[in-house]
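A.B. asks: This is a predicted model, with the sequence first.
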Amino acid sequence: MPELSLAGVVMVAAVAFAVPLLLGLAPGLRLPSVVLEIVVGIVLGPSVLGWVRVDLPLQVLSLLGLAFLLFLAGLEVDVDHLRGKLLGLVGAGFVVSVAIGLAFSAGLAAFGLVDTPLLVAIILTATSLGVVIPVLKDAGQVESDFGQLVIAAASIADFGAVILLSLFFSREATGPGAQLLLIGGLVLLAVGIGVGVARAGRSVRLSADLGRLQDSSAQIRVRGAVLLLALLVLVAQRLGLETILGAFLAGAILRVVDRDEMMTHPRFRVKLEALGYGFLVPFFFVVSGVRFNLEALTADPANLRLVPLFLAVLLVVRGLPAWLYRPRVGTRRMVVAGLLQATSLPFIVAAAQIGMELGKLDQATGAALVAAGLLSVLLFPLAALTILRGGDTGRRADRETEPTSTVTT
């Protein structure tokens, strides 16, 4: 067996540990951990210091981190809220996003700024559900109608972007028609597995066994979730689809079948998040920074101009469709929804990496898209939270200054 160096793994693990710890010591610095993880990865990678290079152990851990990231994103999708008028509203918003993205990307291609406008349009239509939910939690809006609207819109954007990427830009694509059939087959398989798991869960004997083993050294529910993830990722890979689709479907299916979480296994999600966010996911983000080609981005000033351009296009593509929500939530919250919808990073990183591997994106364009995603996570949630809290403060002040009525006789 060839000897493998774990020096890179140690460096990345140190970054994953130090970044949130340092941010916790500076609570006034409202910087998402994922942004700093990527930035530190860029500094440690070949673009700056050259202390870390992507070797085999880091490749494997980064791939597992990406799969678990999409798995956890799928786990956030609340299917119960994706129905009726709400589904129609956020679905229309996503269709408008795709249309605007195609128009802008075609314009960028006409000026020679991008080579594959369809891929760029798809990359710009996603929303970082994992970033949006913490922002809504900070504002106390997760359970509100407005919060559920934004979460539903982000869920549809995440799912739609993954489907479109798999449909048109899989590594072994044979045409959209054939890809659509393969995606349909994968979805049917996932649904079949979900139905089988749900039926098995109604077995009294099996449920008792799961309850006995779930908090023992077996950690049986966690092992089952990892098996589901690995199985659907493997099937997606064998079908020539993107593995991120299989990972996302695994999370969504688990969310649907895992209905009695708070009654029988309230710590299950915490364990999955600990495995993902505590171990695997940081490897994906730090290694993405190590892979970031800063030289390609800075070699030509024209490449640097792509960053604010992509950021502005991202805001228009995902923010403008929030106008559809105005009759339901009002102007101020419409703006907040638009800013949160335009917050995107994990999908941009993953899709840009796929595009560069397929030769559909050059290194400079891929780096500019990732840099725009970093800025969106830095700027848009902070602006949204400021507007949201400002509106709430204003309404409280109005209520406090309202004159009290007096009764005269």
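C.D. replies: All right, it came through fine.
A.B. asks: any idea which helix or strand carries Val270?
C.D. replies: Using DSSP states H and E, Val270 falls within helix 268-275.
A.B. asks: Next: Gly112.
C.D. replies: Gly112 belongs to no helix or strand, assigned by DSSP H and E.
A.B. asks: Pull up the per-residue confidence for it.
C.D. replies: If you check Gly112, the pLDDT there is 84.
A.B. asks: Report the rounded mean pLDDT for stretch 253-268.
C.D. replies: The model assigns stretch 253-268 a mean pLDDT of 74.
A.B. asks: Could you check how far Ala13 is from Ala351?
C.D. replies: Separation of Ala13 from Ala351 (Cβ to Cβ, to the nearest Å) stands at 26 Å. (Glycine included, C-beta is placed from N, CA and C.)
A.B. asks: List the contacts of Ala302.
C.D. replies: Listed by Cβ atoms under 8 Å, 6 or more residues apart in numbering, Ala302 has no contact partners.
A.B. asks: So what's the residue count around Gln22?
C.D. replies: Just so we're on the same page, residue 22 is Leu rather than Gln. If you count neighbours by other Cβ atoms under 10 Å, Leu22 ends up with 13.
A.B. asks: List the buried residues in the helix or strand where Ala208 lies.
C.D. replies: For Ala208, the enclosing helix or strand under DSSP H and E is helix 204-213. Residues of helix 204-213 classed as buried: Leu210 (neighbour count, 16 or more other Cβ atoms under 10 Å).
A.B. asks: any idea which helix or strand comes after it?
C.D. replies: On the C-terminal side of helix 204-213, the nearest following helix or strand under DSSP H and E is helix 220-238.
A.B. asks: Direction-wise, compare that next one with helix 268-275 and give the angle.
C.D. replies: Going by axes from the mean of the first three to the mean of the last three Cα atoms, to 10 degrees, helix 220-238 is angled at 60 degrees with respect to helix 268-275.
A.B. asks: which other helices and strands contact helix 220-238?
C.D. replies: helix 56-76, helix 176-201, helix 204-213, helix 243-257, helix 268-275 (3 or more Cβ pairs under 8 Å, 6 or more residues apart in numbering; DSSP states H and E).
A.B. asks: In the protein, where is pLDDT below threshold?
C.D. replies: Low-confidence segments of the chain (pLDDT under 70): 1-3, 30, 78-82, 138, 170-176, 259-264, 391-409.
A.B. asks: Could you pick out the longest helix of it?
C.D. replies: helix 363-401 (DSSP state H).
A.B. asks: now that helix, how far from the centre of its chain.
C.D. replies: Distance of helix 363-401 from the chain centroid (Cα atoms, centre = their mean, to the nearest Å) equals 17 Å.
A.B. asks: before we move on, what about stretch 177-195?
C.D. replies: That offset, for stretch 177-195, works out to 22 Å (Cα atoms, centre = their mean).
A.B. asks: List the buried residues in it.
C.D. replies: Residues of stretch 177-195 classed as buried: 179, 182-183, 186, 189-190, 193-194 (neighbour count, 16+ other Cβ under 10 Å).
A.B. asks: Of the helices and strands packed on helix 220-238, which is nearest Gly338?
C.D. replies: Nearest to Gly338, of all these, is helix 56-76, at 20.2 Å by Cβ to Cβ.
A.B. asks: Tell me the helices and strands packed up against the helix or strand following the closest one.
C.D. replies: For helix 56-76, the succeeding helix or strand toward the C-terminus, using DSSP H and E, is helix 84-110. Where contact means 3+ Cβ pairs under 8 Å, 6+ apart, helix 84-110 is packed against helix 117-123, helix 145-168, helix 301-319.
A.B. asks: Including distance to Asp258, could those helices go into TSV?
C.D. replies: TSV is the format used below for these (distance: least, Cβ to Cβ, whole Å):
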stretch	distance to Asp258
helix 117-123	30
helix 145-168	16
helix 301-319	29
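A.B. asks: right, so those: which one is the most enclosed?
C.D. replies: Sort the helices and strands packed on helix 84-110 by mean neighbour count, taking mean count of other Cβ atoms under 10 Å, and helix 117-123 sits at the top with a mean of 25.
A.B. asks: Sort out which residues of the helix or strand just after that one are buried, please.
C.D. replies: Later in the chain than helix 117-123, the nearest helix or strand by DSSP H and E is helix 129-138. The neighbour-count check on helix 129-138 (16+ other Cβ under 10 Å) flags 129-133, 135-136 as buried.
A.B. asks: gap between helix 129-138 and the chain center?
C.D. replies: Computed by Cα atoms, centre = their mean, the chain-centroid distance of helix 129-138 equals 11 Å.
A.B. asks: Also stretch 215-226?
C.D. replies: Centre-to-centre, stretch 215-226 and its host chain are 25 Å apart (Cα atoms, centre = their mean).
A.B. asks: And stretch 22-35, by the same measure?
C.D. replies: Remark: stretch 22-35 is offset 19 Å from the chain centroid, using Cα atoms, centre = their mean.
A.B. asks: neighbouring contacts of that stretch?
C.D. replies: 19-20, 36, 131, 285, 345-346, 374, 377-378, 381-382.
A.B. asks: List the buried residues for it?
C.D. replies: Neighbour-count burial for stretch 22-35, counted by 16+ other Cβ under 10 Å, picks out 23, 32-35.
A.B. asks: What is the nearest of those residues to Leu241?
C.D. replies: Within the buried residues of stretch 22-35, the smallest distance to Leu241 is 25.6 Å, found for Val34 (Cβ to Cβ).
A.B. asks: count of residues packed around the closest residue to Leu70 other than its chain neighbours?
C.D. replies: Nearest residue to Leu70 in three dimensions, chain neighbours excluded: Ala247, at 3.9 Å (Cβ to Cβ, 6 or more residues apart in numbering). Applying other Cβ under 10 Å, we find 27 residues neighbouring Ala247.
A.B. asks: Enumerate every residue touching Ala247.
C.D. replies: Ala247 touches 66-71, 74, 229, 232-233, 236, counting by Cβ under 8 Å, 6+ apart.
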